[in-house]
Each structure stands twice: as C-alpha cells, then as structure tokens.
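Visitor: sequence and predicted structure below; questions after.
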Amino acid sequence: MEIKLRDDFIKLGQALKLAGVVQDGVEAKLVIQDGQVQVNQETDLRRGRKVYPGDVISYNGQEITVTR
C-alpha cells in the first residue's frame, strides 16, 4: 500500500488514517501506544512522530510506503 504526501512529512497517526487501516485518531493512538506500529522496522510509541517520503510503516500485517 502507498500513501502520497502533499507536504514534507505527515504525523504517524494521520498516516494510518490516510491509509485507511484505522477508523479514527483514537484508534490510531491506541494501536501506536500499544506498540503495534513500526516505522522502518522500529516500534514507535509516538502518535506525532513525523514520517517522510521513503519511510515504511508496518501495522497489522500491512506495509504502507510513504511517497511524495
């Protein structure tokens, strides 16, 4: 799966919503804080982490590639 950015970066919680793998910000917050989300193969517990083009987000068996 791939999401395209209009800006230089997107926050992790917003990226999950944009990709459609979570319903809303509350769900994004919960799965991130629960350690279920990885960015570039590293678990990150910060919903506000900035992700950039080239980053790969992994959640629930899916990989989301961030592009420009």
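Guide: That came through, no problem.

Visitor: on the three-state scheme, Leu18 is what?
Guide: Classification of Leu18 using DSSP: H, G, I helix; E, B strand; the rest coil returns helix.

Visitor: so what's the residue count around it?
Guide: Residues within reach of Leu18, counting by other Cβ atoms under 10 Å, total 15. Bear in mind the C-beta positions are built from the backbone N, C-alpha and C, glycine included.

Visitor: just Asp44 next, same as before
Guide: Around Asp44 there are 15 other residues, counting by other Cβ under 10 Å.

Visitor: from now on call the first residue 21
Guide: From this message on, residue numbering opens at 21, which makes the last subject Asp64.

Visitor: and the end-to-end length of stretch 33-52?
Guide: Length of stretch 33-52, first residue to last, Cα to Cα, to the nearest Å: 8 Å.

Visitor: and what of stretch 53-71?
Guide: Note: stretch 53-71 ends 16 Å apart using Cα to Cα.

Visitor: show me the contact partners of that stretch.
Guide: 29-33, 35-36, 45, 48-49, 51-52, 75-80, 86 (Cβ atoms under 8 Å, 6 or more residues apart in numbering).
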